[in-house]
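Colleague: quick one, fold the following:
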Amino acid sequence: MKKLSIIAIIFILFAIHISAIYAENHTVNADLNSDGIVNVQDLVIVAMHIGKTPDATQTPNPDVNNDGVINILDLVLVATKLTTLDQTLTANTFVFGRGGDSVTLDPSRMLDGESAKVCDMIYDTLVQYRGATTDIEPALAVTWDSSADGLIWTFQLRQNIQFHDGTPFNADTVVFSLSRPNALARSFYDEFISQISALDVYTVQIELKTPYAPFLSTMASSENAIVSPAAVAHFGDNFGDNPVGTGPFKFVKWDKGDQIFLTANETHWSGKPTIDKLIFRSIPDNADRFMELQMGNIHTMEFPNPEDLAQVQSDPMLELLMQPSLNVGYLAMNMEKPPFDNLKVRLAINHAINKAEIIERLYHGTGIPAKSPIPPTLWSYDDTIEDYEYNPELAKQLLAEAGFPDGFETTLWALPVPRPYIPNGQALAEELQSELQNVGIVANIVTYDWRTYLAKTELGEHDMAMLGWIAGGDPDSFFYYLLSKTTAEKPALNIAFYKNDEMHDILVRARMSTDRGERTELYKQAQAIFHRDAPWVPLAHAQRLLVINNSVKNLNLSPVGWKYLRRVALESQ
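Modeller: You can find the predicted model right below:
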């Protein structure tokens, strides 16, 4: 036995020696999953295939030395190329760790933040938010003006700009992009846009049917990005997997469920990005993502577990960034399904949930209880509205009055990915489940992958479902998108399927008025109606959190969108 052990050790040392010589004299592709890093994941790929004959078309190909067999030599070759922490951080490739994958990279079909995050790198809009503010500044349009009645907007465009496929950007491409069916902004286009026309090569005119107060902020939103007409024609329904814009980063490839690779656009109108490559890695578990950051395999991570924040703040290699954000997390009750069409049931659920304690346990000071669809930092917020008190006995009484003295059984859909407004959907679901159980409601927790979750809630398949919203600096982008009758049409953004004529009328009047004082009063009325009808349990408004390695420079969070990543830089270690 001892002789066999010695022979095994000699064989391993010999294999390492041979592999090292091979690696010195040959180009070795040890980064099997093409994530820009040679790490344990690459070793696992080889280990899973040892002893097998490789398929020449297999991707990734674990036959590292291409000798026709997958064996220990391939494993050792990868081991000799393992990326150290220092190597990871000195490469001019920025790796962003996030909680979930994108659904589509076609801005006109985009409905989720993970898709918008990447789209903000690939595409430009006519105008954009300035830095960490909600002020509007030029982007693809350099100047603009409107008629006295606010109905005609004229944009002068940048000249000599090309899409990533080499085709020219001009007024016709803007008309094409803004005339496409738009999943997120469909109500805006249907209700407000009369005509979009090219007056000349670099002048676009947008004519509105009625005045629309948040028009410019809508034009700054990711869903209104400008796309390459040639690429849309070429890829058709697959354009969302092959995006082409004018933005500071070009699309390279997308490993679904894993990573999206981008490379710098050296001719971007704002200048070449400081980093050469940008990788978005999907790591669903917050703890796993934090470990990857500590190991140096990613440069930054979203949605740390709140209980890990003290460890982050004590680590000299890490920095915690926090920014007040315009968001809300909520539990929507599907009013198309009994018993949630009963107001007393909805009120009972609001009284059954101790939001303050839940948020203290799960958010650790990074969130506050919500009582409104809009955050308290947004103008028109009405702090005089009193939130429903936590009162389980009153909840039981309301259920009895609604005809459910013994409660009822239902489903509670848990958010499958961490989001700024709900950092841990499963943990929150378990808290809510326990609270509801105390008043006799048996809530069975269900969930799906992110893409499926969104698709099913848009079609109203849920009973109760968690979701949230991040928007710009106008109350319209919360109220109308989440609570109007228009957006309750399937596929819906209003997943409570709340359809109230009084509320809808107020929201329409508010978005058409150009008087800030009048709009403020209308949105205060809307908050009172929302409180009265209780289509949701508004849960939390949360800080925007990002943990970065201290080699990351020039990263300043903004309250809206993800364009702050365009300016990021890496310091050589």
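Colleague: could you break this structure into its assigned domains?
Modeller: If you go by automatic domain parsing, the domain ranges for the chain are 2-83, 94-99+248-323+545-570, 114-236, 327-542.
Colleague: show the average pLDDT along the longest one.
Modeller: For domain 327-542, mean pLDDT is 96.
Colleague: the shortest one too?
Modeller: On average, the pLDDT along domain 2-83 is 61.
Colleague: please apply the same query to the second one.
Modeller: Domain 94-99+248-323+545-570 shows a mean pLDDT of 93.
Colleague: quick one: end-to-end distance for it.
Modeller: Using CA to CA, to the nearest Å, the end-to-end distance of domain 94-99+248-323+545-570 comes to 7 Å.
Colleague: distance from the chain centre to it, please.
Modeller: Put simply, domain 94-99+248-323+545-570 sits 13 Å off its chain's centre (CA atoms, centre = their mean, to the nearest Å).
Colleague: ok, now the longest one?
Modeller: Mean C-alpha position of domain 327-542 versus that of the full chain (CA atoms, centre = their mean) differs by 19 Å.
Colleague: quick one, what contacts the residue nearest to Lys355 when sequence neighbours are not counted?
Modeller: Nearest non-adjacent residue to Lys355, counting by CB to CB, 6 or more residues apart in numbering: Pro369, 4.3 Å away. Glycine gets a C-beta too; all of them are placed from N, C-alpha and C. Applying CB atoms under 8 Å, 6 or more residues apart in numbering, we find Pro369 in contact with 355-356, 359, 387, 539-540.
Colleague: buried ones among the residues you listed?
Modeller: With burial judged by 16 or more other CB atoms under 10 Å, the buried subset of the contacts of Pro369 is 355, 359, 539-540.
Colleague: which of those residues fall in strands?
Modeller: Within those, residues falling in strands by DSSP state E are 539-540.
Colleague: ok, back up a step: residues in a beta bridge with the residue nearest to Lys355, which ones?
Modeller: Ala540 (DSSP bridges).
Colleague: contacting residues for the closest residue to Gly425 other than its chain neighbours?
Modeller: Nearest residue to Gly425, sequence neighbours excluded (CB to CB, 6+ apart): Leu415, at 3.0 Å. Contacts for Leu415 (CB under 8 Å, 6+ apart) come out as 422, 425, 428-429, 447, 453, 466-468.
Colleague: rerun at 6 Å
Modeller: Contact analysis of Leu415 by CB atoms under 6 Å, 6 or more residues apart in numbering lists 422, 425, 466.
Colleague: phi, psi for Asp130 please.
Modeller: Not quite, residue 130 is Arg, not Asp. Phi and psi for Arg130, reported as degrees, to the nearest 10, are phi -90, psi 110.
Colleague: I'd like to know how many residues surround the closest residue to it other than its chain neighbours.
Modeller: Of all residues not flanking Arg130 in the chain, Glu137 sits nearest, at 4.2 Å (CB to CB, 6+ apart). Neighbourhood size, Glu137 [other CB atoms under 10 Å]: 11.
Colleague: partners of whichever helix or strand Glu137 is part of, with directions?
Modeller: Assessed by DSSP states H and E, Glu137 sits inside strand 136-138. Strand pairing for strand 136-138, determined by DSSP bridges: strand 127-129 (antiparallel).
Colleague: now do the same end-to-end measure for stretch 468-478.
Modeller: This stretch, stretch 468-478, spans 10 Å end to end (CA to CA).
Colleague: which one of the domains of the chain lies nearest to Asn242?
Modeller: The closest of the domains of the chain to Asn242 is domain 114-236. By CB to CB, the value is 4.6 Å.
Colleague: that older thread, what's in contact with the strand holding Glu137?
Modeller: The contact list for strand 136-138, computed with CB under 6 Å, 6+ apart, reads 127, 130, 216.
Colleague: ok, so of those, who is nearest Leu208?
Modeller: For these, the nearest to Leu208 is Leu216 (11.9 Å; CB to CB).
Colleague: how many residues are close by the closest one?
Modeller: The local packing of Leu216 (other CB under 10 Å) involves 16 other residues.
Colleague: how far away is it from Asp135?
Modeller: 10 Å (CB to CB, to the nearest Å).
Colleague: what ranges does the stretch 451-573 of the chain have for its strands?
Modeller: Secondary structure of the stretch 451-573 of the chain (DSSP state E, counting those that start in this stretch): strands located at 464-470, 536-542, 544-549, 552-553, 569-570.
Colleague: swap in the stretch 301-450 of the chain?
Modeller: Using DSSP E, counting those that start in this stretch, strands in the stretch 301-450 of the chain cover 318-323, 327-333, 367-369, 408-413, 441-446.
Colleague: send the alpha carbons of the last one over as PDB?
Modeller: So the one you mean is strand 441-446. Extracted in PDB, the C-alpha atoms of strand 441-446 (Å, rounded to 0.1, in the frame of the first residue of the first chain):
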ATOM      1  CA  ILE A 441     -54.500  32.100   6.400                       C
ATOM      2  CA  VAL A 442     -52.400  29.100   5.100                       C
ATOM      3  CA  ALA A 443     -50.100  30.600   2.500                       C
ATOM      4  CA  ASN A 444     -48.200  28.000   0.500                       C
ATOM      5  CA  ILE A 445     -44.900  29.400  -0.800                       C
ATOM      6  CA  VAL A 446     -44.200  28.900  -4.500                       C
END
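Colleague: Pro559 reaches Met322, doesn't it?
Modeller: No - using CB atoms under 6 Å, Pro559 is not in contact with Met322; the gap is 11.7 Å.
Colleague: comparing those two, which residue is more hemmed in?
Modeller: A count of neighbours by other CB under 10 Å puts Pro559 above the other of Pro559 and Met322, at 21 against 13.
Colleague: next up, the contacts around that one.
Modeller: 325-326.
Colleague: what about it, distance to Asp67?
Modeller: Distance, Pro559 to Asp67, using CB to CB: 55 Å.
Colleague: make JSON lines from the strands of the stretch 451-573 of the chain and add distance to Lys250 to it.
Modeller: What follows is those, written out as JSON lines (distance: least, CB to CB, whole Å):
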{"stretch": "strand 464-470", "distance to Lys250": "25"}
{"stretch": "strand 536-542", "distance to Lys250": "32"}
{"stretch": "strand 544-549", "distance to Lys250": "24"}
{"stretch": "strand 552-553", "distance to Lys250": "22"}
{"stretch": "strand 569-570", "distance to Lys250": "19"}
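Colleague: out of those strands, which gets nearest to Phe303?
Modeller: By CB to CB (comparing all of the strands of the stretch 451-573 of the chain), the closest turns out to be strand 544-549, at 6.8 Å.
Colleague: contacts for the closest one?
Modeller: The contact list for strand 544-549 (CB under 6 Å, 6+ apart) reads 299-301, 304, 312, 318-323, 325, 420, 557.
Colleague: give me the angle between it and strand 318-323.
Modeller: 160 degrees (axes from the mean of the first three to the mean of the last three CA atoms, to 10 degrees).
Colleague: name the nearest residue to Asp501, sequence neighbours excluded.
Modeller: In space, and not counting its chain neighbours, Asp501 is closest to Lys485: 7.5 Å by CB to CB, 6+ apart.
Colleague: contacts only, for the residue nearest to Pro423 when sequence neighbours are not counted.
Modeller: Leaving aside its chain neighbours, Pro423 sits nearest to Phe303 (4.9 Å; criterion: CB to CB, 6+ apart). When contacts are counted by CB under 6 Å, 6+ apart, Phe303 touches 99, 286, 418, 423.
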